[in-house]
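A.B. asks: Output the structure for:
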Amino acid sequence: MIMDYIIKNFKNGEPIFLSEIPVESKDYLRQEMKRLVDIGRLERLYNGVYYLSYKTILGTKGKVSIDSYIEKKYLKMDDKTIGYVTGLQLANMYGFTTQNPSCYEVCSNEATTKQRKLEVDGYTIVVYKPVVSVIEKNKSVLQFLDLMTVIDKYSEVSGSELNWKLKRYVETVELDFDQVKEYLKYYPDKVYKNIYDGGLMSELV
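C.D. replies: Residues are numbered from 1 along each chain as shown. Purely as a prediction, here's the structure:
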């Protein structure tokens, strides 16, 4: 039974992609998913993506987890890294700003254009094409270089406090500066200035 498999393998709010359900007949799967939506066991996010029908503790209709959707669609595939969070959300994650982003920004190998804005269940997702294909080994480096592209725009701290936060960030992600040197050529010249202003230039020498 498809529903038994779904209940066993998926949590409330977790997006269910058709490709995650092992069946021989895709036609049968689509028909069965439609039936489960019709009887109220599943919700359809959009064609090919579903989630379990459930109630929240407040008794309201549960929604899909946008974080889980982004993770599955743009950041991980078959347990392999294919993307990363970027932009204001990245700056917020590491304490450079208290601003809450109005949209989710990700760089992903799934991107087919340089930049694409999508609306998913009331949320805005901006998907960027990475400068090179994202893998686990280069994810932190590309994220760091993205951050250094916008740090002057988003950071609410400066001077010694900025330098301290950047050094702590570099240590947290165990940044490989040999790789930073390798990928710098794909980024605008202002990244050099921002690295210098951030007190990290000695790492590149």
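
A.B. asks: How about residues contacting the host helix or strand of Leu45?
C.D. replies: Assigned by DSSP states H and E, Leu45 belongs to strand 42-46. Here strand 42-46 makes contact (C-beta atoms under 8 Å, 6 or more residues apart in numbering) with 6, 15-16, 33, 36-37, 50-53, 64, 69, 120-121. Where C-beta positions appear, they are placed from N, C-alpha and C, glycine not excepted.

A.B. asks: gap between it and the chain center?
C.D. replies: Distance, stretch centre to chain centre, for strand 42-46: 21 Å (C-alpha atoms, centre = their mean, to the nearest Å).

A.B. asks: residues of that strand that come out buried?
C.D. replies: In terms of neighbour count (16 or more other C-beta atoms under 10 Å), strand 42-46 has its buried residues at 42-43, 45.

A.B. asks: quick one on the thing from earlier: among the contacts of strand 42-46, which are in strands?
C.D. replies: Within the contacts of strand 42-46, membership in strands is found for 16, 50-52, 120, as judged by DSSP state E.

A.B. asks: Buried subset of these, written for ChimeraX?
C.D. replies: Of the ones in strands among the contacts of strand 42-46, the buried ones go into a single ChimeraX selection, burial set by 16+ other C-beta under 10 Å:
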select :16,50,51,52,120
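
A.B. asks: Contact partners for Glu105?
C.D. replies: Neighbours of Glu105 in contact, by C-beta under 8 Å, 6+ apart: 85-90, 125-126, 128.

A.B. asks: and which of those is nearest Lys153?
C.D. replies: Leu88 (8.9 Å; C-beta to C-beta).

A.B. asks: tell me which strands and helices the helix or strand where the closest one lies is in contact with?
C.D. replies: According to DSSP H and E, Leu88 maps onto helix 87-93. If contacts are counted by 3 or more C-beta pairs under 8 Å, 6 or more residues apart in numbering; DSSP states H and E, helix 87-93 sits against strand 104-108, helix 136-154.

A.B. asks: Which of the ones you listed sits closest to Ser202?
C.D. replies: helix 136-154 (15.0 Å).

A.B. asks: Check which helices and strands the closest one is in contact with.
C.D. replies: In this structure, helix 136-154 makes packing contacts with strand 80-81, strand 83-85, helix 87-93, helix 159-172, helix 177-183, helix 190-197, judged by 3+ C-beta pairs under 8 Å, 6+ apart.

A.B. asks: by how many degrees do that helix and helix 159-172 diverge?
C.D. replies: 170 degrees (axes from the mean of the first three to the mean of the last three C-alpha atoms, to 10 degrees).

A.B. asks: Compute the inter-axis angle for helix 136-154 and strand 104-108.
C.D. replies: Using the same axes, to 10 degrees, helix 136-154 lies at 140 degrees relative to strand 104-108.

A.B. asks: Give me the distance between helix 136-154 and the centre of its chain.
C.D. replies: Using C-alpha atoms, centre = their mean, the offset of helix 136-154 from its chain centre is 14 Å.

A.B. asks: Buried residues in that helix, which are they?
C.D. replies: For helix 136-154, by 16+ other C-beta under 10 Å, it's 138-151, 154.

A.B. asks: a strand runs through Val127, doesn't it?
C.D. replies: Yes: Val127 forms part of a strand when assessed by DSSP: H, G, I helix; E, B strand; the rest coil.

A.B. asks: Before I go, just wanted to say thanks for your time.
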